[in-house]
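Participant: Any chance you can model this:
(4 chains)
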2 protein chains.
Amino acid sequence: MQTTPDFPQMLRGAGLRVTRPRLAVLGAVHAHAHADTDTVIGVVRQGLPDVSHQAVYDVLRALTATGLIRRIQPSGSVARYESRVGDNHHHVVCRGCGAIGDVDCAVGHAPCLLASDDNGFAIDEAEVIYWGTCPDCAAEAADAAPSVDAAT
Amino acid sequence: MQTTPDFPQMLRGAGLRVTRPRLAVLGAVHAHAHADTDTVIGVVRQGLPDVSHQAVYDVLRALTATGLIRRIQPSGSVARYESRVGDNHHHVVCRGCGAIGDVDCAVGHAPCLLASDDNGFAIDEAEVIYWGTCPDCAAEAADAAPSVDAAT
DNA sequence: TAGTTTTCTTGACTCGTTCAAGAATTGGTG
DNA sequence: CACCAATTCTTGAACGAGTCAAGAAAACTA
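Facilitator: Have a look, this model is predicted:
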């Protein structure tokens, strides 16, 4: 675990100018996995109170385009960002609260890249989303309905 | 291939009232796979010109909730609907034009349901989206840049 | 340090979708 | 066949994430 990623170096390496908003956004995404845009704006403004939301949108797009961060967006959710890139991992999403967790690729390396019939598409990535219920929501549901009977 | 699915029967079976907007929406989704809401509205209005967009939204939600149709929404796309349900198939999405194709589950039956580490989530579905380039967009790209050189 | 280009600020705006209240329709019952 | 209650549809407004556009500010280059 790198305790202090060299953000300026990362930006330069991606061909991007090093600016304070960009450092702040990059830092925010590294510190808060799966944060949505609003959360990123909030975190960024803790250090740079006057950053415009537009700047954050621009930066997030630039970072995503250069591969420094990854954008994920499960159905029914707003855009979220994470700093784990290049390792082809996937996500579990809770149907109840929308919580997201990381999941390493299940079947070895790049299993799903082999579709049974690719319709002539040139496939370059397989994105997997596991839908389910997180422990918290499961406990809540069990609490509300402990079992089939036992209700007044 | 069923040429004439019994839509009224399907609605009743799902515990829904049989109304003209619902029959029209169900028919539209069956006739146009992966259509977005706007397309569905357009198709529905060919037969029922005065249906409100709100009714279509309501019906699509009701049909999705009862499992008669499925809603898919790749990142950066609006909501789309399809009538293939219950067979756990997946999708290829073109990065260029957003075209969607169906893909049968690659590794047997329910492969991806086994995540390497489920974070304590109770997983009930694995959704796979293959990202790539459709034949049309590939041809267009090849046309614009036939090879590395050969440009003036 | 000056110049050029990229990036950020400000403010308005779009689009898909949802909310709310009342009118119309459906399916069941006498 | 007529009536009733519940559901569904119409109308019209509203919301929120994200985008567009123009000018000011900052970052790299020489």
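
Participant: Contacts only, for the residue lying closest to A:Val44 once chain neighbours are set aside.
Facilitator: Nearest non-adjacent residue to A:Val44, counting by C-beta to C-beta, 6 or more residues apart in numbering or on different chains: A:Ala24, 4.4 Å away. For every residue, glycine as well, the C-beta is placed using N, CA and C. Residues near A:Ala24 by C-beta atoms under 8 Å, 6 or more residues apart in numbering or on different chains: A:Val43, A:Val44, A:Gly47, A:Leu48, A:Val51.

Participant: since we're on the fourth one, how many residues are nearby?
Facilitator: Applying other C-beta atoms under 10 Å in any protein chain shown, we find 13 other residues in the vicinity of A:Leu48.

Participant: Is the worst-scoring helix or strand of chain A on mean pLDDT positioned near chain B?
Facilitator: Within chain A, no helix or strand scores below helix A:135-144, which has a mean of 80 by mean pLDDT, DSSP states H and E. Yes - applying C-beta under 8 Å from any C-beta of the partner chain, one finds helix A:135-144 in contact with chain B at A:Pro135, A:Ala138.

Participant: List the contacts of that helix.
Facilitator: A:Cys94, A:Arg95, A:Gly96, A:Cys97, A:Ala99, A:Thr133, B:Gly120, B:Phe121, B:Ala122.

Participant: Next, format the contacts of A:Ala24 as CSV and append secondary structure and distance to DNA strand C.
Facilitator: Formatted as CSV, the contacts of A:Ala24 follow (DSSP: H, G, I helix; E, B strand; the rest coil; distance: C-beta to the nearest atom of the strand, whole Å):
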residue, secondary structure, distance to DNA strand C
A:Val43, helix, 15
A:Val44, helix, 9
A:Gly47, helix, 12
A:Leu48, coil, 7
A:Val51, coil, 4
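
Participant: Can you tell me which of the residues you listed is nearest A:Glu82?
Facilitator: A:Val43 (13.8 Å; C-beta to C-beta).

Participant: closest to DNA strand D among the contacts of helix A:135-144?
Facilitator: Taking C-beta to the nearest atom of the strand as the measure, DNA strand D lies nearest A:Cys97 of the contacts of helix A:135-144, at 15.6 Å.

Participant: number of nearby residues for that closest one?
Facilitator: Other residues close to A:Cys97 by other C-beta under 10 Å number 12.

Participant: circling back: ranking by neighbours, what's the top pick from the contacts of A:Ala24?
Facilitator: A:Val44 (25 neighbours).

Participant: Can you read off the backbone torsions of the nearest residue to A:Ala33 once chain neighbours are set aside?
Facilitator: Spatial nearest neighbour of A:Ala33, excluding adjacent residues (C-beta to C-beta, 6+ apart): A:Glu82 at 5.0 Å. Note on A:Glu82: backbone dihedrals following degrees, to the nearest 10 are phi -150, psi 160.

Participant: Tell me how many other residues crowd A:Glu82.
Facilitator: Using other C-beta under 10 Å, A:Glu82 is surrounded by 19 other residues.

Participant: and A:His91, that one's in a helix?
Facilitator: No - A:His91 is assigned strand when assessed by DSSP: H, G, I helix; E, B strand; the rest coil, not a helix.

Participant: Just list the residues touching it, thanks.
Facilitator: Neighbouring residues of A:His91 by C-beta under 8 Å, 6+ apart: A:His34, A:Ile72, A:Pro74, A:Ile100, A:Gly101, A:Asp102, A:Val103, A:Val128, A:Ile129, A:Tyr130.
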